[in-house]
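>>> The following block contains a protein sequence and its predicted model.
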Amino acid sequence: MKLAADDVTRSLRASWQLMGRGAEALEDLELTRGGFWRSFVALLPLTLPAAIALLAALRIHAGLPNSAGLFTAPGLALAVFGATLASILAVPALLFALAPHLAQTPRFTAFVIAWNWAGILAAGLVAVPATVFAIGWSTPGLALLQTLAFAAIVLRLRYCVARAAFGAGSGVATPVLLASIVADYAILRSFGFIIF
């Protein structure tokens, strides 16, 4: 299954536009079976740069010099890559587990496609403050504030994806947003990135 640059650009732009145009932006996504699987195929290569930036920042935070190489602590590298992908896949998997009948609907398919592409954007957004910290342009405290600011954008994006896919009047967007917050906390905690 091939990823064309034009398709990637269009899909990323459409998922970003869900915040402003709502359900209209879904029309710019490929809402087909092929588009569904392509959104999964895109996850690994397109989240990899963000995961590398997060890994570099976490290595510095842990006192590991990046000059020695990013992969000298393979457990940390695997944890970062695993947490990055799990944070995108957790909510659709949870919805599928809790409401399997939902998985048979076109709305769920549209949601998963938009969620996956928005997840790639979200990883890139969170990687911005991580990159700034990793290259030494911010302190840990400033990086945390910047991360929280970008996380607010990510939460808004997730809410808009659910609202556009399931409908504004469905009441699904807020529970999906809350589930994503809980899932992120559980993932970060299980991978050892949160100690409380």
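Everything's here; your move. If you're wondering where the values come from, they're calculated on a predicted model, not measured in any experiment.

>>> First-to-last residue distance for stretch 99-106?
14 Å (Cα to Cα, to the nearest Å).

>>> shaky segments in the chain?
Within the chain, the stretches with pLDDT under 70 are 1, 194-196.

>>> Within the helices and strands, which one has the residue positioned nearest the centre of it?
With distances taken as Cα atoms, centre = their mean, Gly119 lies nearest the centre of the chain, 2.7 Å away. Using DSSP states H and E, Gly119 sits in helix 106-134.

>>> how far is the helix or strand just after that helix from where the chain is centred?
For helix 106-134, the following helix or strand on the C-terminal side (DSSP H and E) is helix 140-166. Remark: helix 140-166 is offset 10 Å from the chain centroid, using Cα atoms, centre = their mean, to the nearest Å.

>>> Kindly report the same for stretch 57-73.
The answer for stretch 57-73 is 23 Å, by Cα atoms, centre = their mean.

>>> before we move on, what about stretch 24-42?
Here the centre of stretch 24-42 is set off from its chain's centre by 16 Å, with Cα atoms, centre = their mean.

>>> Go ahead and name everything in contact with it.
1, 3, 7-8, 10-11, 13-15, 17-18, 106, 109-110, 112-114, 116-117, 120, 164-165 (Cβ atoms under 8 Å, 6 or more residues apart in numbering). C-beta coordinates here come from the backbone N, C-alpha and C atoms, glycine included.

>>> gap between the two ends of it?
Note: stretch 24-42 ends 22 Å apart using Cα to Cα.

>>> okay, now Leu177: neighbour count?
19 (other Cβ atoms under 10 Å).

>>> for it, what are its contacts?
With Cβ under 8 Å, 6+ apart, Leu177 has these contacts: 155, 158-159, 162.

>>> among the residues you listed, which two are most distant?
With distance counted by Cβ to Cβ, no two of the contacts of Leu177 lie farther apart than Leu155 and Ala162, which are 11.0 Å apart.
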